[in-house]
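Asks: Give me the fold of what follows.
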Amino acid sequence: MLEGLRIVEMATYIAAPAAGGIMADWGAEVIKVEAPGGDPIRQFFAGTRAEDIGNPVFDLDNRGKRSIMIDIKTEDGAAAMRKLVGEADVFITNVRPSALERAGLDFDTLHKEHPSLIFASVTGYGLEGPERDRPGMDMAAFWARSGMAHLFQRKGYAPLPMRVAVGDHTTALALVSGILGAVIERQKTGEGRLVEASLLRTGIYCLGSDMAIQQRLGRVASTRERNIAPDPM
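Replies: Down below sits the predicted model:
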């Protein structure tokens, strides 16, 4: 479906790379840019006996991509990265906004140089406000801060932990949706745009029905135990 679409991805861990993995499945060319030392998720099983089986967590979200190492902390590396992004249709990143600005890889700078580029951002808490540069993991931003952990908590019990990357993969789907909308828009206007997804906002949207009930009725459904007696034989 997406043959001919070129994506440059400079992202770590799961949420943003998962979006690139989905689009690679659909035929896009995806180039994954890693800093020296590689994406930290490569070390997910480091130091455990499971390391011998490889890294299925990394493989899941980075399938079908090509990879290159660039150090954007150096002047030459930042220049090389800007050149690579300038040849792409879509730039996917979850690098913190301040680091992108230092390297000249923020949306405002790139949009002036490459107005047709679609800039796709994943953050923990959004691109504005005091938490724009705060690192965001889905256990905190998607699960806890959104209120989801509380609403899944059985009354009288401790909150449940979230399974690995549930919030990341949900956010990835939100990002892919925004990117595809921007691709359609660009076909009509020739202009790229900023597409933004955050772990917190995605978590809040997932709770949208509960929040609508809360706003209208002032309460949400109870989380008490609902034990149901088995059917008689």
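
Asks: show me what contacts residue 8?
Replies: 30, 31, 33, 84, 85, 87, 88, 90, 91, 92 (C-beta atoms under 8 Å, 6 or more residues apart in numbering). To be clear about C-beta, it is placed using only N, CA and C from the backbone, and glycine gets the same treatment.

Asks: so it, which of the three states?
Replies: Going by DSSP: H, G, I helix; E, B strand; the rest coil, the secondary structure assigned to residue 8 is strand.

Asks: tally of neighbours for the residue lying closest to it once chain neighbours are set aside?
Replies: The shortest distance from residue 8 to any non-neighbouring residue, by C-beta to C-beta, 6 or more residues apart in numbering, is to residue 88 (4.2 Å). By the criterion of other C-beta atoms under 10 Å, residue 88 has 20 neighbours.

Asks: which residues of the chain fall in strands?
Replies: 6-10, 29-34, 66-69, 90-93, 118-123, 194-198 (DSSP state E).

Asks: As JSON lines, those strands with distance to residue 181 and mean pLDDT would be great.
Replies: Shown next, in JSON lines, are those (distance: least, C-beta to C-beta, whole Å; pLDDT from 0 to 100):
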{"stretch": "strand 6-10", "distance to residue 181": "15", "mean pLDDT": "98"}
{"stretch": "strand 29-34", "distance to residue 181": "19", "mean pLDDT": "98"}
{"stretch": "strand 66-69", "distance to residue 181": "26", "mean pLDDT": "97"}
{"stretch": "strand 90-93", "distance to residue 181": "12", "mean pLDDT": "98"}
{"stretch": "strand 118-123", "distance to residue 181": "10", "mean pLDDT": "98"}
{"stretch": "strand 194-198", "distance to residue 181": "8", "mean pLDDT": "98"}
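
Asks: Kindly reformat those strands as a markdown table containing distance to residue 59.
Replies: Shown next, in a markdown table, are the strands of the chain (distance: least, C-beta to C-beta, whole Å):
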| stretch | distance to residue 59 |
| --- | --- |
| strand 6-10 | 15 |
| strand 29-34 | 12 |
| strand 66-69 | 12 |
| strand 90-93 | 18 |
| strand 118-123 | 20 |
| strand 194-198 | 23 |
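
Asks: What distance do you get for the closest residue to residue 190 other than its chain neighbours to residue 80?
Replies: Leaving aside its chain neighbours, residue 190 sits nearest to residue 116 (6.0 Å; criterion: C-beta to C-beta, 6+ apart). For residue 116, the distance to residue 80 equals 21 Å [C-beta to C-beta, to the nearest Å].

Asks: okay, the two: which has more neighbours?
Replies: residue 80 (16 against 12).

Asks: which residues touch stretch 96-111?
Replies: 10, 72-73, 78, 81-82, 85-86, 91, 93, 95, 117, 119, 121, 123, 127, 132-133, 135, 192, 194.
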